[in-house]
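>>> Please work out how this folds:
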Amino acid sequence: MNALEIISTVLGVWSYIEIIRRKARGLVVGFVAVLLLACLFYQHRLYSDMALMLYYASASLTALFFWRHTFRKNHTLQITRLNRRTRRMLFVGIPLTIGLLAGITSHLHLWLPAIFPVAARIPLGDATTTVLGITASILIIRRKVEAMVFWLAGDTLSTLIYTWSGLYFLASVYIAYIIIDAFGLFAWTRRLRNS
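Below you'll find the predicted structure:
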């Protein structure tokens with residue numbers, strides 16, 4: 001455990017709680033947290049997760065703009081469900097994307113040895129958490145209740161990967177994320193039912 005792991009995960013938890021509470025400041029805190037986590041994941045050869053953190057940094061800025069824009073217009077984006085067609089597309093697209101990303105990350109040390117001198121650790125699991133995380137972040141920006149299901153699955157797998165990688169503090173924080181995910185799923189489902 002090092003300072004980078006502690007600071008980034010504490011900021012990440014704070015950010016996630018603020019985002020579920022629909023507070024824009026959570027996106028700013030999250031931006032800083034994910035940049036620090038990208039450095040941590042590079043150190044531990046979790047290259048897909050490193051790329052995911054860089055994606056989250058850009059997604060945080062996009063979401064900040066999107067949320068502020070809708071708030072300025074005095075319009076609240078309602079929580080909704082995905083339509084059937086989108087669910088079918090995700091059912092096919094997610095496994096294909098996971099396979100492609102796992103194939104790429106398992107070869108980075110061969111293709112770009114100057115940047116990635118050591119082979120990726122757990123490329124399939126790492127790719128799975130990355131694809132689930134990207135999917136969840138896109139859906140949360142649009143306030144789709146299924147975002148919480150993807151967060152729950154991805155955070156559960158991340159907990160196992162980080163434990164196996166020796167990132168015990170980060171793994172324990174992901175247990176907190178799982179609890180937050182479950183709470184978020186419950187709260188968003190209830191809000192959807194009441195609207």
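>>> any idea how far Ile6 is from Val32?
As defined by Cβ to Cβ, to the nearest Å, Val32 lies at a distance of 14 Å from Ile6. C-betas here are computed from N, CA, C, even on glycine.
>>> which of the residues in the helix or strand Trp151 falls within are buried?
Using DSSP states H and E, Trp151 maps to helix 146-164. The neighbour-count check on helix 146-164 (16 or more other Cβ atoms under 10 Å) flags 146-159, 161-162 as buried.
>>> Figure out the helix or strand that Ser137 lives in.
helix 123-141.
>>> In this protein, where is pLDDT below threshold?
Residues of the chain meeting the criterion pLDDT under 70: 1, 22, 69-77.
>>> Point to the residue nearest the middle of it.
Centroid-nearest residue in the chain, with Cα atoms, centre = their mean: Gly133, separated by 3.5 Å.
>>> My guess is that residue contacts Gly154. True?
Yes. With contact defined as Cβ atoms under 8 Å, Gly133 reaches Gly154; the gap is 5.1 Å.
>>> any idea how far stretch 141-161 is from the chain center?
The chain centroid and the centroid of stretch 141-161 are separated by 7 Å under Cα atoms, centre = their mean, to the nearest Å.
>>> Show me the contact partners of that stretch.
Residues from elsewhere that reach stretch 141-161 (Cβ atoms under 8 Å, 6 or more residues apart in numbering): 46, 49, 59, 62-63, 66-67, 77-82, 87, 122, 125-126, 128-129, 132-133, 135-140, 171, 174-175, 177-178, 181-182, 184-185, 188-189, 192.
>>> Which stretches in this protein count as helices?
3-20, 25-43, 47-72, 84-105, 108-111, 123-141, 146-164, 168-194 (DSSP state H).
>>> Name the stretch among those helices that sits most buried.
helix 123-141 (a mean of 22; mean count of other Cβ atoms under 10 Å).
>>> Export that helix to CSV, keeping only CA atoms.
C-alpha atoms of helix 123-141 as CSV (Å, rounded to 0.1, in the frame of the first residue of the first chain):
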residue,chain,number,x,y,z
PRO,A,123,-5.7,-9.3,-19.5
LEU,A,124,-9.2,-11.0,-19.8
GLY,A,125,-10.4,-9.9,-16.4
ASP,A,126,-8.9,-6.5,-16.8
ALA,A,127,-10.5,-6.0,-20.2
THR,A,128,-13.9,-7.1,-18.7
THR,A,129,-13.8,-4.5,-16.0
THR,A,130,-12.7,-1.9,-18.5
VAL,A,131,-15.6,-2.6,-20.9
LEU,A,132,-18.1,-2.8,-18.1
GLY,A,133,-16.8,0.5,-16.6
ILE,A,134,-17.0,2.3,-20.0
THR,A,135,-20.5,1.0,-20.6
ALA,A,136,-21.6,2.0,-17.1
SER,A,137,-20.1,5.5,-17.4
ILE,A,138,-21.9,6.1,-20.7
LEU,A,139,-25.2,4.9,-19.2
ILE,A,140,-24.8,7.0,-16.0
ILE,A,141,-24.3,10.2,-18.0
